[in-house]
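Peer 1: My questions concern the predicted model and sequence given below.
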Amino acid sequence: MDANKPTIVIADDEERERKVLMMNLRSDFNVLLAQNGKQAMELIEHNKVHLILTDLKMPEVDGFELLEWVNKNYKTVPVIIMTAFGTIEDAVEAMKAGAHDYITKPVKMDELKALINKSIKFGELLEENVRLKEKIKKYEGFNEIITVNPQMKSLINLIEQVAQTPATILIEGESGTGKMLFAKAVHYLSDRADRPFIEINCGAIPHDLLESELFGHEKGAFTGAVGMKKGKFELASGGTLFLDEIGELPLDLQVKLLHVLENQKFTRVGGTQFITTDARIVAATNKNLKEEVTKGNFRTDLFYRLKVVYLRIPPLRERKEDIPLLIEHFLQKHSGLSKFNNIVVTEKTRKILQNYDWPGNIRELENVIQQAIIFSKDGRISPEVLPDEILSGWLENENIDSEEYVPLTKNELKAEKEKRTAKILDELEYKFLIKLLKSTDGNISHAAEISGYDRRQIQNLLKKHGVEAENFRR
């Protein structure tokens, strides 16, 4: 078939009709013939088809069944119905069922060619529309870059500028900051959006397998290589290759990676034939690569070859103004984990989350919100459902700054000391209560027994601190 010509399928049970159409249309189109809807389906499944021209009345699978199948499986391929002059009402029914157009027999060839060309252009518009929708759908991850932070906004603007270029990009940031989201944003904002986005974690694959994963291997290249395998560079050709944790790449493979970046070609393991690739490279690391270069762990030439465009994603502790937005985002995202329609985060919980340093960054925050939703038994996320590591340090993070207010007189000093002492004791009492309930699975009688308090005193403490004992019951 001529790759420069559109391909059409003609389905008609009359052999003479098929041949006439074939002779008149083959100069402008690749023509595939089917004597019923079933044969047409097989041709469509095995070929890139731009249009279907079909009669309605055929044995086995008729034109209506074919139309229904195409609308379900190949929505962007237009269908033109051929019908006798006396059965135009059937053509109208077919149009209601999703046919693009119809033409009456006997067919006028000039009219048919014009209709086919018009319909193919319409199909191309439909296909482009689907691609754009898919691009937006795939790019929904970019909506998870939730921020009001000026530095983050600058990074987003930079991505929008460089996405359409072929420039190699290096992303540095701590684990959990969203490096993958930024890499996908680069891909789906580029003209490569309909091509593959291939990722590989350079730190998660054993050294002896990593070369094969990156560049592929030939059959028999090593023990266990029972067949040829394409590597990530080959699979990503025309698209984007995301090299995550590039700082973990061994020095010998750094040399080979540099060669590929400079020459856009490589050989599979055990192979001798060069394979070209035009994959756009986005690399990411949670290390400071400049320091790794100084230590001799990373090649200087590769570092600067990757760092054509450089992005540093700030950790969450440097953009705490985003925490309230992220909390709301994750509450909505994971609301299905709760049996309650509305999940409410108490003010004390928000304050604790806001003041925590989040060493695991956004990934840790999302996990904490998921866990809190699951363990909340009344639709309220209160401090007791938070992990111990967050609760244990929250008193130190309370905003008690002695420089904000310094007493001047003896009485003022006494009042301030009492106020701060009461606050510290109150928080200590709260932490005591939480530890007690966790150790007794929320059993008030058991809590009273091991603490020395009676049940009434435990219940008073629960009421004072707004804690629900049932939240600790397993």
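Peer 2: Yep, that arrived.
Peer 1: What segments of the stretch 251-400 of the chain are strands?
Peer 2: For the stretch 251-400 of the chain, the strands defined by DSSP state E, counting those that start in this stretch cover 265-266, 275-276, 280-285, 309-312, 344-345, 380-381.
Peer 1: Distance to residue 201 for the ones you listed - can I get that in CSV?
Peer 2: Heads up, the C-betas are built off the backbone N, CA and C, glycines and all. Below are these laid out as CSV (distance: least, C-beta to C-beta, whole Å):
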stretch, distance to residue 201
strand 265-266, 20
strand 275-276, 23
strand 280-285, 10
strand 309-312, 18
strand 344-345, 33
strand 380-381, 32
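Peer 1: If you tally nearby residues, what's the number for the nearest residue to residue 100 once chain neighbours are set aside?
Peer 2: Once flanking residues are discounted, residue 100 sits nearest to residue 78: 3.7 Å by C-beta to C-beta, 6 or more residues apart in numbering. Other residues lying near residue 78 total 26 when counted by other C-beta atoms under 10 Å.
Peer 1: Contact partners for residue 342?
Peer 2: residue 379 (C-beta atoms under 8 Å, 6 or more residues apart in numbering).
Peer 1: Report the mean confidence score over the helix or strand containing residue 433.
Peer 2: Element membership for residue 433, per DSSP states H and E: helix 410-439. The average pLDDT within helix 410-439 is 80.
Peer 1: Centre of this protein to the edge, which residue is at the far end?
Peer 2: Centroid-distance maximum for the chain: residue 410 at 61.1 Å, with C-alpha atoms, centre = their mean.
Peer 1: if I look at that one, how far off is residue 33?
Peer 2: Using C-beta to C-beta, to the nearest Å, we find residue 410 at a distance of 105 Å from residue 33.
Peer 1: Over to residue 409?
Peer 2: Note on residue 409: its distance to residue 33, by C-beta to C-beta, is 103 Å.
Peer 1: Neighbour count: the two, which is higher?
Peer 2: Taking neighbours as other C-beta under 10 Å, residue 409 and residue 33 compare with residue 33 leading, 16 against 8.
Peer 1: still on that earlier bit, could you export the strands of the stretch 251-400 of the chain as TSV, including mean pLDDT, mean neighbour count and distance to residue 14?
Peer 2: Formatted as TSV, these follow (pLDDT from 0 to 100; neighbours: other C-beta atoms under 10 Å; distance: least, C-beta to C-beta, whole Å):
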stretch	mean pLDDT	mean neighbour count	distance to residue 14
strand 265-266	92	17	54
strand 275-276	92	15	49
strand 280-285	96	26	52
strand 309-312	96	16	62
strand 344-345	82	16	70
strand 380-381	86	22	70
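Peer 1: Can you say which of those strands is nearest to residue 420?
Peer 2: Distance to residue 420, taken as C-beta to C-beta, is lowest for strand 344-345 among the strands of the stretch 251-400 of the chain, at 27.0 Å.
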